[in-house]
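# give me coordinates for this.
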Amino acid sequence: MATLEIRDLHVTVESDGGPREILRGVDLTVRAGETHAIMGPNGSGKSTLAYSIAGHPKYTITRGTVTLDGEDVLAMTVDERARAGIFLAMQYPVEVPGVSVSNFLRTSVTAVRGEAPKLRTWVKEMKTAMEGLSIDPKFAERSVNEGFSGGEKKRHEILQMELLQPKIAVLDETDSGLDVDALKIVSEGVNRVAAAGTVGTLLITHYTRILRYIKPDFVHVFVDGRIVAEGGPELADALEAEGYDVYVKAAASA
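Prediction:
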């Protein structure tokens, strides 16, 4: 079963004053079949963690390791990480004009699986996944994310996840900008993939509302670039009631 291990991860980003440290020693293990929620206030470094795992060139790893089943993730290119089984659902998915959703998905699946799916099988597979996410079949011929609503973009991200069947899925604020109906649909898609027990899910959010639909096994509180508290679903309930202030103040005085 897949295991993502993050040890003492330090990450910087370039700023006007030079390199600025965002992650300050993150330790985290995510195994297949587990759902981990990373929660924290805006600016705490949650998205930096997501993009560092995926290999965004904006972020520089200065110390630490990230391994997937013992393999050095940090030595892999972005596409190698995807083929190895790391999937990132972005908070702000980008538009790809001129590339249809259907072609984009089939090309992505071909790259990950190592061979193109047979066309007849592929059409049925994609149609079934789209129906599960309440996506109109006409959506397949639209350019990727071009003119999509916020809900359509997020459903497209989860559609990719369902078809690619990654080992580790990193969902960066997937609930951002979703109304309650879209949130339920997206959450159901995440739960369908998770139900197979073959994917480890890292769910990044600063709201607890998505956790009403996606139940985490572990909750980690992220403040000032590090994990400052860990627990089970009850920790999310405490955050709902009390907020992050106690953790922010503790981090500031440390």
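# verify the stated contact: residue 198 with residue 85.
No. Residue 198 is not in contact with residue 85 according to Cβ atoms under 8 Å; the separation is 9.6 Å. In this view, the C-beta of every residue, glycine as well, is placed from N, C-alpha and C.
# between the two, which one's more packed in?
residue 85 (21 against 15; other Cβ atoms under 10 Å).
# find me the pLDDT at the nearest residue to that one once chain neighbours are set aside, would you?
Once flanking residues are discounted, residue 85 sits nearest to residue 167: 3.1 Å by Cβ to Cβ, 6 or more residues apart in numbering. Looking at residue 167, its pLDDT reads 97.
# thinking again about what came up before, any shared contact partners between residue 198 and residue 85?
2, 167 (Cβ atoms under 8 Å, 6 or more residues apart in numbering).
# how close does the residue nearest to residue 85 get to residue 53?
12 Å (Cβ to Cβ, to the nearest Å).
# neighbour count for the two, which is higher?
A direct count of neighbours by other Cβ under 10 Å for residue 167 and residue 53 places residue 53 higher, at 25 against 20.
# which strand or helix spans the more buried one?
Using DSSP states H and E, residue 53 maps to helix 46-54.
# could you identify the helix or strand that succeeds that helix?
strand 59-68.
# sheet partners, orientation included, of the helix or strand following that following strand?
Using DSSP H and E, the next helix or strand after strand 59-68 towards the C-terminus is strand 71-72. Strands that pair with strand 71-72, judged by DSSP bridges, come out as strand 59-68 (antiparallel).
# tell me the mean pLDDT for the partner strand?
97.
# show the residue spans covered by the strands in the stretch 101-250 of the chain.
For the stretch 101-250 of the chain, the strands defined by DSSP state E, counting those that start in this stretch cover 143-144, 168-172, 200-205, 218-223, 226-231.
# could you list the low-confidence segments of the stretch 151-254 of the chain?
254 (pLDDT under 70).
# tell me which stretches of it form helices.
Assigned helices in the stretch 151-254 of the chain, in chain order: 180-195, 233-242, 245-253 (criterion: DSSP state H, counting those that start in this stretch).
# ranking those by burial, who's on top?
helix 180-195 (a mean of 18; mean count of other Cβ atoms under 10 Å).
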